[in-house]
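Enquirer: Predicted model, plus sequence, below.
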Amino acid sequence: MKYKHNNYTTRLQKCGALLADMRLLVRHWSDKLNYDKQIHDFIIENILGKKTRSRTIDILQRAFFQRFIKGNPPESWKILRPLEDRDVSIDIVSPIYFWITSRSENLIYDFVTEFLYHRIKSPDFLIRTDETIQWLRKQLADRGQIWSEAVTLRVARGLLAALRDFGILQGKLIKKITPIYLPCESFAYLAFALFSLRNTGKRLVIHPDWRLFFLSSSGVEHLFLEAHQNGFLRYAAAGEIHCIEFPTQSFEGMADVILGRRV
C-alpha cells in the first residue's frame, strides 16, 4: 500500500490558532538575538501571561517555532513583522496568519482545501465533529498513521476550534462554514508573499493556496483586478497569459503599499 507522505502531527490538540499569542511573539522576535536566550527570556518574563511555565513552553515550541520559525515558508515571522510594526488592523493581518499557519499545519491545509472547499459548494454548511473525525481517520489510514480514539477526538476538536478562531467556521457547539471576506489589502499582500516564493503569471492565479479562502480562479482574477484598481499591483490578462507586477521588492514596501503610503 502506498501511503501519503505529509504526515499529521497532534499539535492542534494543545495549540489552536493562538492568534493573540502569535502576534505578540512576532512583534518581539528578533533574528539579531540568540534563539535559546530569547526563548529563555520569554519564559522567565512570562511574556504571554500564562498561568504556568509549561503552557508558555508549549506555545513557543509547538506553535510559534513550528509555524513561524521552522514552518513553510521558514522564518515566516518576517513576512508578518512589517504589518505588525505598522499596527495593521486585525481584519487585514488575520488572513496572513491563517495562511502561514495552514501551510505549516498540514492537517488544517488539507481539511480546508479538500473537505471544506467542496462542502461550501453544497447547501449543507454545518460541520459536525463526527464527520470531521471520520475524515481524519481516513487521512490517517492513507498515511499509515495510528492515533488512539481519544487523541483523534482531541485533535478533531482542536482543528475545528482553530478554524473558528480564524473565522473560517463559526459557532461553539455546532459549527458551520463562514463565507470568507478577504480584504483586498490582505489579498495583495498574500499575492506578494506567493510571488516571493517564485509563483508568477498564471501559476500565481491558479495557486492551490487560494483554496484556503474558498477562492476559485475567477474569484482570484476578480481580486487581482480590484487590487490593480487600488494601485496595490499591476495586473493584465489576455487568454492564458497573466502579467502581474508589484511596485516593491520587499515586505516592508508592500506593507506601505497596502496602507497607501509612498514606496
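Expert: Cool, got the structure.

Enquirer: Buried residues, stretch 212-227. List them.
Expert: Of all the residues in stretch 212-227, those buried under the rule 16 or more other Cβ atoms under 10 Å are 212-215, 220-221, 223-224, 227. Glycine gets a C-beta too; all of them are placed from N, C-alpha and C.

Enquirer: now swap in stretch 49-63 and tell me
Expert: When burial is assessed from 16+ other Cβ under 10 Å, stretch 49-63 yields the following buried residues: 56, 58-60, 62-63.

Enquirer: Columns secondary structure, pLDDT and distance to Val155 on top of these, output as CSV?
Expert: As requested, those are exported to CSV (DSSP: H, G, I helix; E, B strand; the rest coil; pLDDT from 0 to 100; distance: Cβ to Cβ, whole Å):
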residue, secondary structure, pLDDT, distance to Val155
Thr56, helix, 93, 22
Asp58, helix, 92, 15
Ile59, helix, 94, 17
Leu60, helix, 94, 20
Arg62, helix, 92, 13
Ala63, helix, 95, 14
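
Enquirer: The buried residues of stretch 212-227 into CSV, with extra columns for secondary structure and distance to Arg164?
Expert: Shown next, in CSV, are the buried residues of stretch 212-227 (DSSP: H, G, I helix; E, B strand; the rest coil; distance: Cβ to Cβ, whole Å):
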residue, secondary structure, distance to Arg164
Leu212, helix, 15
Phe213, helix, 16
Phe214, coil, 16
Leu215, coil, 20
Val220, helix, 25
Glu221, helix, 30
Leu223, helix, 24
Phe224, helix, 29
Ala227, helix, 28
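
Enquirer: Closest one to Asp130 out of these, please.
Expert: When the buried residues of stretch 212-227 are compared for distance to Asp130, the smallest value, 22.9 Å, is given by Phe214; criterion: Cβ to Cβ.

Enquirer: Thought Arg119 was touching the closest one, still the case?
Expert: No. With the criterion set as Cβ atoms under 8 Å, Phe214 and Arg119 do not qualify as a contacting pair; they are 9.8 Å apart.

Enquirer: Listing request: residues of the protein with sub-threshold pLDDT.
Expert: 1-5, 261-263 (pLDDT under 70).

Enquirer: which stretches of it form helices?
Expert: For the chain, the helices identified by DSSP state H occupy 19-28, 35-45, 53-58, 77-85, 90-104, 106-110, 117-119, 129-142, 149-165, 184-196, 201-205, 217-229, 251-258, in order along the chain.

Enquirer: I'd like the ones you listed written out as TSV, with distance to Leu173 added.
Expert: As requested, those are exported to TSV (distance: least, Cβ to Cβ, whole Å):
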stretch	distance to Leu173
helix 19-28	21
helix 35-45	34
helix 53-58	25
helix 77-85	32
helix 90-104	23
helix 106-110	21
helix 117-119	19
helix 129-142	9
helix 149-165	10
helix 184-196	29
helix 201-205	39
helix 217-229	31
helix 251-258	37
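
Enquirer: Can you give me every residue that contacts Phe224?
Expert: Under the criterion of Cβ atoms under 8 Å, 6 or more residues apart in numbering, the neighbours of Phe224 are 191, 205, 233, 235, 237, 242, 244.

Enquirer: likewise Ile59?
Expert: Contacts of Ile59 by Cβ under 8 Å, 6+ apart are 15, 18, 21, 48, 50.

Enquirer: Show me which of those are buried.
Expert: Here the buried ones among the contacts of Ile59, as counted with 16+ other Cβ under 10 Å, turn out to be 15, 18, 21, 48.
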